[in-house]
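S.K.: dropping a prediction and its sequence here:
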Amino acid sequence: MPATVVETVRQKTNPQCHSTTCSDSGCSLSLRNMPKPNVLISLEHKAAPVGANQAHCDYLFVGGNDENGGPWVAPVELTTSAARVSKFLPQLRAGAAIAEKLLPQGARVRFRPIAAYGGELRRIERDNFLKSANRVRFRGKPELIRLVRCGSPLTNALKG
């Protein structure tokens with residue numbers, strides 16, 4: 001029987017970079033009621049699958065079973081400051097590229113780039129997040145960045 005997507009990602013990553021919390025410098029997301037099975041990879045950890053000086057987001061979440069559209073794959077970037085496309089976009093795109101290398105080729109997944117912020121969200125920035133040029137491309141399909149406030153449940157970001 002072939003390994004599930006989550007098992008494959010877990011096997012391709014060093015267990016030292018697996019995390020039980022999703023937080024960075026005062027911004028965190030709740031992990032209650034997360035899809036199971038799952039793995040949360042801290043891309044900031046020295047054992048993470050990130051090259052030296054390679055751009056990356058804070059976390060990569062992979063979770064859920066292989067049925068019903070497949071598991072979720074979510075690069076996550078956290079900041080306590082204001083939400084800015086210019087800060088989130090490069091990191092989330094790099095996180096998508098890292099995810100692509102870890103996932104089994106051709107595996108069916110649901111992709112959702114997530115940006116959590118603690119500061120303000122100005123109208124012009126909210127509009128910038130909606131522009132097609134500011135989407136995160138994954139497997140050829142541009143995806144809208146899901147904005148959530150620090151402290152929100154990660155499950156809400158996946159559903160929204």
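M.R.: That came through fine.
S.K.: give me the residue at the spatial middle of the chain.
M.R.: A centroid search over the chain (CA atoms, centre = their mean) returns Pro75, at 1.5 Å, as the residue closest to the centre.
S.K.: mind checking how far it is from Phe88?
M.R.: 10 Å (CB to CB, to the nearest Å). From N, CA and C alone the C-beta is placed, and that goes for glycine too.
S.K.: below-threshold pLDDT in this protein: ranges please.
M.R.: 1-2, 160 (pLDDT under 70).
S.K.: swap the cut-off to 90 and go again
M.R.: Within the chain, the set of residues satisfying pLDDT under 90 comprises 1-4, 25, 51-54, 65-69, 105-106, 159-160.
S.K.: that one: strands as residue ranges?
M.R.: Applying DSSP state E to the chain gives strands spanning 22-24, 27-29, 38-42, 59-63, 72-79, 110-111, 114-117, 136-138, 141-143, 146-149.
S.K.: closest one to Glu100 among those strands?
M.R.: strand 136-138 (7.1 Å; CB to CB).
S.K.: quick one: the lengthiest helix in the chain to strand 59-63, angle?
M.R.: As assigned by DSSP state H, the longest helix anywhere in the chain is helix 85-102. Relative orientation of helix 85-102 versus strand 59-63 (axes from the mean of the first three to the mean of the last three CA atoms, to 10 degrees): 50 degrees.
S.K.: for Thr155, which non-adjacent residue is closest in space?
M.R.: Spatial nearest neighbour of Thr155, excluding adjacent residues (CB to CB, 6 or more residues apart in numbering): Asn33 at 5.2 Å.
S.K.: what about the one you found? Give its phi and psi, please.
M.R.: Dihedral pair for Asn33: phi 60, psi 40, per degrees, to the nearest 10.
S.K.: sorry, back to before: could the strands of the chain be laid out in JSON lines, adding distance to Gln16?
M.R.: Formatted as JSON lines, the strands of the chain follow (distance: least, CB to CB, whole Å):
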{"stretch": "strand 22-24", "distance to Gln16": "17"}
{"stretch": "strand 27-29", "distance to Gln16": "20"}
{"stretch": "strand 38-42", "distance to Gln16": "9"}
{"stretch": "strand 59-63", "distance to Gln16": "14"}
{"stretch": "strand 72-79", "distance to Gln16": "19"}
{"stretch": "strand 110-111", "distance to Gln16": "26"}
{"stretch": "strand 114-117", "distance to Gln16": "23"}
{"stretch": "strand 136-138", "distance to Gln16": "26"}
{"stretch": "strand 141-143", "distance to Gln16": "29"}
{"stretch": "strand 146-149", "distance to Gln16": "27"}
